[in-house]
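A.B. asks: structure, please.
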Amino acid sequence: MSPRARVGGLAVVAGLLSVAWLWLPNRAPAERLPSLRDAPFAAWVAALPAGGAASSRGAPLVLGPVEAGVRIQAGACRFEVLAAERAPSDALRSRNFAITADPTRRVDAVCDPVRRALVAGLQAWDVALPGIRAGGEVPARSALDAALVTLAAFLDGVVAVCGVALVFGLGAPLRTLFVVVAALAFAARAAWPHALTAVGFGYEWFADAAFLHSVPRYGPGAPALWGKLLGPLTHDHGAVLWLHAALGSIACGIWAAFVATARGSLRAGWLAGGALALTPLFLREHTSESMHTAVVLGLGLAALALAQPRPARGVAAAAFVWAVGWRVDVGPAAVLTLSALHWARREHRPGSEAALPGRPGSPARWLLPALAAGAGLVALAVFAQGRLAADLHQGNLPQLQSYLSGLGSRLAGEALPWRADWFPVGVWLAVLLAIAQVPGRAPWRWLAVAASGLPWLLLSWLDFNETSLPRLQAPAAWLAVVAAAGLADLALENVSRPRVAATVLVFGFASSAVLTLPQVLRRTNSHLEDDLLREAIAALPNERPFVLATRTYAEGPAIGLHLHQPTYALQPPALPGTVVTATAMLEALRAGTLPHGELWFLRSLRCYLGPVGSPAAGREHPACAALAAWPGAVAAFERDVPNRGESPTFDGYGKARTLRVGLYRLPETLNRTGSAAAVLAPP
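C.D. replies: Below is the predicted model of the structure:
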């Protein structure tokens with residue numbers, strides 16, 4: 001058996017083991033339950049606006065006490081649902097279930113009765129109102145979702161084995177380069193503060209991975225890999241950040257080896273590896289929940305596989321599909337980037353041992369990898385089309401209407417590669433030096449690599465704000481650094497005083513990188529909130545049942561607010577807890593009908609979060625204020641924390657210098673019900 005055949009066999013076995021690791025630990029698909037026709041359903045109908053008539057749509061509904069919240073957004077009621085009192089992996093959840101109000105009717109006239117009915121303790125609904133059309137996801141994993149997650153899990157194992165084989169197949173100098181750069185990068189990422197960057201939205205992504213009840217709109221890659229950690233091994237999302245630190249470190253080594261191979265120069269590899277390993281923006285990126293960490297790793301593996309003397313087309317195809325599976329929306333940009341990288345590798349030193357031109361080979365060598373990659377990409381494209389249609393239906397892409405008109409100003413003012421507060425703009429000195437000193441068209445191949453970052457920039461402005469741009473534009477910044485390293489090595493070959501030029505280039509990069517530290521290291525309220533949640537989780541009982549109340553989506557208005565909670569770290573099997581809204585707990589205390597278990601209240605920073613610019617911004621939610629002042633409440637901890645705000649899009653915390661937070665044990669009564677609260681919190 002040939003070495004390639006052995007590697008292929010091991011890759012298939014690793015892929016199957018990866019799939020088993022993901023699905024065997026209590027990963028049964030959510031069942032589709034029949035509609036319920038009981039007293040709570042009658043209460044729902046009674047709470048509808050005058051003239052509303054209920055009729056069954058035959059959609060799956062939720063059994064048991066239900067977490068249901070209503071929020072008004074873009075002229076519609078939006079529902080968040082989670083079945084409770086079952087193992088989290090068996091929970092049924094419907095996200096973004098929306099009923100869009102008729103334009104002739106007031107939205108609050110529809111939403112308010114619905115919200116009151118849900119808070120009253122409904123267990124099910126299945127209604128359609130005159131002038132209202134229903135849409136959104138059903139509370140069960142679709143067959144396509146399950147198939148895509150399985151494919152992504154299989155590719156996790158395949159890419160891991162193929163990546164190891166690819167690195168071991170490099171020459172000794174390139175292996176040394178990879179190991180040293182990856183070790184340097186991991187040391188830097190281990191020392192860098194790990195923090196979430198999606199302003200609370202990461203908790204929903206982690207829940208998707210922990211419960212595997214749905215696939216986020218970005219693709220199946222994240223839940224497939226994260227799901228092997230969250231659930232089977234741990235319930236702490238900090239493990240995902242360490243995983244990303246490792247993936248980002250490997251990416252630095254892989255890309256350094258590619259640049260050295262493409263240029264035929266180890267010096268180019270060291271320049272690229274050092275810059276990628278130590279750029280502050282990439283340190284932030286690789287110690288967060290950003291899915292682009294895996295995307296750049298997969299593209300680097302594909303490019304390096306194609307740059308070998310005998311191109312490993314199967315490895316390249318698997319790595320490319322794996323990368324696109326993490327962010328299906330970047331597929332076209334990834335194709336252009338890989339094409340530019342393939343073109344750049346043809347520029348090499350004659351006679352170099354580090355890079356040799358690839359042989360075209362027979363069609364049979366590339367036909368099977370191309371067909372396999374094509375099938376995977378078609379499945380991902382179908383998934384992406386469905387998610388895009390759902391987003392358009394729900395009005396989640398409002399910036400599409402003004403996309404072209406504002407594109408020029410966004411390129412000039414918001415593109416990360418020339419923003420000195422985020423990106424080490426000193427790397428552009430290498431580009432200028434290469435253009436000035438290198439004759440002919442030699443620099444154009446590497447300039448094409450830098451230009452291939454443009455589609456990544458264009459995609460970032462479809463429906464995202466300044467908070468998301470550093471995460472979404474990181475691949476474009478990454479390509480700029482890679483191209484600058486190739487051009488720097490090319491320029492150093494042609495200048496008369498290479499040591500002086502190298503000193504200037506290194507100093508330009510280092511000084512501009514230091515200038516980005518205040519922005520890249522900035523801590524905001526979402527970072528303080530994550531620290532607070534960790535402190536609360538550590539203080540809650542881990543053996544006795546408890547009910548934790550806090551601010552959630554069920555307490556509107558919640559326009560543009562990220563109120564997801566890490567319920568995967570609070571509910572069984574992580575902890576014996578149930579998460580409820582502050583409003584539900586307050587009403588239960590007033591009525592004296594409480595669920596079993598110790599009662600706790602988390603007064604988090606999001607108790608003060610309101611829509612930006614509204615009077616509610618910075619004003620504590622009434623239910624939070626009432627629970628904190630409830631007679632007999634005992635603080636496990638309580639303190640004032642600085643109000644660090646957020647980016648403008650999410651800075652709904654007001655102007656107060658400090659905000660009071662704490663964890664409180666609430667008094668218990670003898671009059672209890674046998675269930676959890678009526679309104680529970682979506683993760």
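A.B. asks: please tell me how far residue 589 sits from residue 238.
C.D. replies: With the distance defined as Cβ to Cβ, to the nearest Å, residue 589 ends up 33 Å from residue 238. (C-beta placed from N, C-alpha, C; glycine too.)
A.B. asks: those two - which one has more neighbours?
C.D. replies: For residue 589 against residue 238, the residue with the higher neighbour count under other Cβ atoms under 10 Å is residue 589, and the figures read 23 against 13.
A.B. asks: hang on, the more buried one packs against residue 664?
C.D. replies: No - look at residue 589 against residue 664 with Cβ atoms under 8 Å: they stay out of range, at 11.9 Å.
A.B. asks: so what sits against both of these two?
C.D. replies: Here residue 589 and residue 664 have 627, 630 as joint contacts, going by Cβ atoms under 8 Å, 6 or more residues apart in numbering.
A.B. asks: what helix or strand does residue 246 sit in?
C.D. replies: Using DSSP states H and E, the secondary-structure element containing residue 246 is helix 238-263.
A.B. asks: and that helix, which residues are buried?
C.D. replies: For helix 238-263, burial by neighbour count (16 or more other Cβ atoms under 10 Å) applies to 240-241, 243-263.
A.B. asks: contacting residues around residue 570?
C.D. replies: When contacts are taken as Cβ under 8 Å, 6+ apart, residue 570 is in contact with 537, 540, 548, 577, 578, 579.
A.B. asks: of the residues you listed, select the buried ones using a PyMOL command.
C.D. replies: The following PyMOL selection, which keeps only the buried ones among these, applies the criterion 16+ other Cβ under 10 Å:
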select buried, resi 537+540+548+577+578+579
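A.B. asks: all the helices of the stretch 451-600 of the chain, residue numbers only.
C.D. replies: Per DSSP state H, counting those that start in this stretch, the stretch 451-600 of the chain has helices spanning 454-460, 469-472, 474-492, 498-515, 517-520, 525-539, 582-591. These are given in chain order.
A.B. asks: ok, residues contacting the fifth one?
C.D. replies: By Cβ under 8 Å, 6+ apart, the list of residues contacting helix 517-520 from outside reads 280, 281, 283, 284, 421, 422.
A.B. asks: what does the average pLDDT come to for that helix?
C.D. replies: When pLDDT is averaged along helix 517-520, the result is 94.
A.B. asks: how about the residue lying closest to residue 12 once chain neighbours are set aside, phi and psi?
C.D. replies: Setting aside the residues directly before and after it, residue 12 is nearest to residue 158 in space (Cβ to Cβ, 6 or more residues apart in numbering), at 7.1 Å. Recorded main-chain torsions at residue 158 are phi -60, psi -50, according to degrees, to the nearest 10.
A.B. asks: okay, now residue 158: neighbour count?
C.D. replies: A count of nearby residues for residue 158, using other Cβ under 10 Å, gives 25.
A.B. asks: and if you look at residue 2?
C.D. replies: Residues contacting residue 2 under the criterion other Cβ under 10 Å number 7.
A.B. asks: re the thing from before, name the helices or strands packed onto the helix holding residue 246?
C.D. replies: In terms of contact count using 3 or more Cβ pairs under 8 Å, 6 or more residues apart in numbering; DSSP states H and E, helix 238-263 is assigned the packing partners helix 143-168, helix 172-191, helix 221-226, helix 266-278, helix 280-286, helix 292-306, helix 331-344, helix 474-492.
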